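>>> just coords:
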């Protein structure tokens, strides 16, 4: 019996569709294979060369993560000390530094912690350099990612200072470590390995991220978007058409807007802390009541895993660590129950001991008074000055921290004897 023409046509169409599907699948696979060589940024890591080719560099406009990475990688060598944290470290540093240098500070490019450098010189008897890698809204997980992306065997610090606060672990406005801008920027250059599953609260988000890692074509889409951004800026000069300027003569953003500001359109000259800083206290209790409404958030154990990995990584790289539980006012601390504070402090202390890190708890330190704050958690110039005086004294009282805080090119005898000179003040 002969096959009807209609059936032959249907069969032929099915074969064409099947062949087309196979051809498309094969083309997709070939394109991915051809893309592997051009998408090796994770294997190569974040380098000065990679950064110089990105659209943010050509436009001189990007996120806080871009600027922190740029300021670090464009240096000739790593500073002896790098300081991590959120806007709590940022506000303390920039506020105190306006007083120290007696001038305004640009939060984008003024990343040397002048006040802590001054206090360390007084305690150690020799100068050093401190790089401020704080980023507004940074979580504990972000510190791990930043260090993993930036620190190389030939370009790493000798001492890391980490300012922490409960918000870095339990912020109810953040559902997972992957939600933050630093994660999205730096994770492109870091192998998360067993931390990948802890980065996402949604299994579909984790699946999508996994697909991006193993299908270069998916990652190529992001690269093409970046190239398109570069093309759109052709003919535009870096820093052209500046937006609202904040200067020591004309303050158009509040101080807290500068400290807390985010986005991906950050540019030099627009995020300045004035000198002298006007004193003013803002009540941000409603904000933190919302952030702390659930101290048992699923984010807490995830951030702990990242913090553990961070300290473990630094220990493996022979980088000394000082963890500082940052000061906060009583009203802010009282939002969280005593049981949480007991768990949090015990966790920080035991984890630091486990990984050989030094630890100081200033969360309820009586030396910080209400006039040291811009709001219930952010320190102003007097509070920042007090904070760094305490940190410098802590470093000066420890032989290992003191030695790590000084540049390696110092004479060996000075690096060995710095502990004695710091304690007995014989250098004064």
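Ah, there it is. Please read these numbers as outputs of a predicted model, since none were measured by experiment.

>>> for residue 52, report the pLDDT, please.
Per-residue pLDDT puts residue 52 at 88.

>>> any stretches of the chain with poor pLDDT?
Within the chain, the stretches with pLDDT under 70 are 1-44, 213-253, 409-428.

>>> again, 50 this time
The chain contains residues with pLDDT under 50 at 16-17, 27-40, 230, 232-234, 239-252, 415-428.

>>> so what's residue 141 up against?
177, 180, 183, 199, 302-303, 306-307 (Cβ atoms under 8 Å, 6 or more residues apart in numbering). For the C-beta atoms, the positions are set from N, CA and C on the backbone; glycine is no exception.

>>> got it, and residue 143?
Here residue 143 is in contact with 84-85, 162, 306-307, 310 (Cβ under 8 Å, 6+ apart).

>>> do residue 309 as well
144, 195.

>>> gap between it and residue 316?
10 Å (Cβ to Cβ, to the nearest Å).

>>> what do you get for residue 272?
39 Å.

>>> returning to that earlier point: just the contacts of residue 143: which are in strands?
84, 162 (DSSP state E).

>>> can I get the contacts of residue 143 in JSON lines with neighbour count?
Listed next are the contacts of residue 143 as JSON lines, based on neighbours: other Cβ atoms under 10 Å:
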{"residue": "84", "neighbour count": "27"}
{"residue": "85", "neighbour count": "26"}
{"residue": "162", "neighbour count": "27"}
{"residue": "306", "neighbour count": "24"}
{"residue": "307", "neighbour count": "24"}
{"residue": "310", "neighbour count": "27"}
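
>>> between which two of the contacts of residue 143 is the distance greatest?
85 and 306 (14.3 Å; Cβ to Cβ).

>>> is it true that residue 170 touches residue 299?
Yes: in this structure, residue 170 is within contact of residue 299 by Cβ atoms under 8 Å, at 6.0 Å.

>>> which residues in the stretch 251-400 of the chain form helices?
255-260, 285-291, 299-316, 330-333, 338-354, 381-396, 399-405 (DSSP state H, counting those that start in this stretch).

>>> the nearest residue to residue 152 once chain neighbours are set aside - how many residues pack around it?
In space, and not counting its chain neighbours, residue 152 is closest to residue 45: 7.1 Å by Cβ to Cβ, 6 or more residues apart in numbering. Residue 45: 17 surrounding residues under other Cβ atoms under 10 Å.

>>> wait, residue 45 sits on residue 151?
No: taking contacts as Cβ under 8 Å, residue 45 lies outside contact range of residue 151: 9.6 Å.

>>> quick revisit: out of the helices of the stretch 251-400 of the chain, which is closest to residue 207?
Nearest of the helices of the stretch 251-400 of the chain (Cβ to Cβ): helix 299-316, 17.3 Å.

>>> and that closest one, how far out from the chain middle?
Helix 299-316 has its C-alpha centroid displaced from the chain centroid by 14 Å (Cα atoms, centre = their mean, to the nearest Å).

>>> in that helix, which residues are buried?
Across helix 299-316, burial judged by 16 or more other Cβ atoms under 10 Å covers 299-300, 302-311, 314.

>>> what's the angle between it and helix 338-354?
20 degrees (axes from the mean of the first three to the mean of the last three Cα atoms, to 10 degrees).

>>> out of the helices of the stretch 251-400 of the chain, nearest to residue 140?
Nearest of these (Cβ to Cβ): helix 299-316, 4.3 Å.

>>> can you pull the contacts of residue 48?
Neighbours of residue 48 in contact, by Cβ under 8 Å, 6+ apart: 73-74.

>>> how about the nearest residue to residue 356, chain neighbours excluded?
Per Cβ to Cβ, 6+ apart, closest to residue 356 is residue 315, 5.5 Å.

>>> likewise residue 142?
Using Cβ to Cβ, 6+ apart, the closest residue to residue 142 is residue 182 (3.9 Å).

>>> tell me which helix or strand the one you found sits in.
Per DSSP states H and E: residue 182 is located in helix 181-186.

>>> same question for residue 46.
Using DSSP H and E, no helix or strand contains residue 46.

>>> what does it show for phi and psi?
phi -90, psi 120 (degrees, to the nearest 10).

>>> isn't it right up against residue 187?
No: using Cβ under 8 Å, residue 46 makes no contact with residue 187, being 10.7 Å away.

>>> go through stretch 277-286 and flag the buried ones.
277, 284.

>>> going by distance to residue 80, which of the buried residues of helix 299-316 wins?
Once Cβ to Cβ is applied, the member of the buried residues of helix 299-316 that ends up nearest residue 80 is residue 314, at 14.3 Å.

>>> who are the contact partners of residue 88?
134, 163, 165, 326, 377-379.

>>> farthest-separated two in those residues?
134 and 377 (13.7 Å).

>>> mind listing what the closest residue to residue 344 other than its chain neighbours touches?
Using Cβ to Cβ, 6+ apart and skipping the chain neighbours, the partner closest in space to residue 344 is residue 166 (6.0 Å). Residues near residue 166 by Cβ under 8 Å, 6+ apart: 292, 295, 336, 340, 344.

>>> next, count neighbours for the nearest residue to the fourth one once chain neighbours are set aside.
It stands for residue 340. Distances taken as Cβ to Cβ, 6+ apart place residue 295 nearest to residue 340, at 4.4 Å, with adjacent residues excluded. Neighbourhood size, residue 295 [other Cβ under 10 Å]: 18.

>>> list phi and psi for residue 295.
phi -70, psi -10.

>>> go through stretch 131-151 and flag the buried ones.
131-151.

>>> how much space between the residue nearest to residue 178 when sequence neighbours are not counted and residue 260?
Excluding the flanking residues, the one nearest residue 178 by Cβ to Cβ, 6+ apart is residue 199, at 4.5 Å. Using Cβ to Cβ, residue 199 is found at 24 Å from residue 260.

>>> so which of these two has more stuff around it?
Legend: neighbour count by other Cβ under 10 Å for residue 199 and residue 260, higher for residue 199 (21 against 18).

>>> show me where the stretch 1-150 of the chain has helices.
Under DSSP H, counting those that start in this stretch, the stretch 1-150 of the chain gives helices at 5-35, 41-44, 48-52, 55-59, 64-73, 87-101, 114-124, 140-150.

>>> and the last one, how far from the chain's centre?
In terms of Cα atoms, centre = their mean, the centre of helix 140-150 is found 6 Å from the chain centre.

>>> and the residue nearest to residue 407 when sequence neighbours are not counted, what does it touch?
In this structure, residue 407 finds its nearest non-sequential neighbour in residue 80, 5.3 Å apart by Cβ to Cβ, 6+ apart. Neighbour list for residue 80: 128-130, 157-159, 404-408 [criterion: Cβ under 8 Å, 6+ apart].
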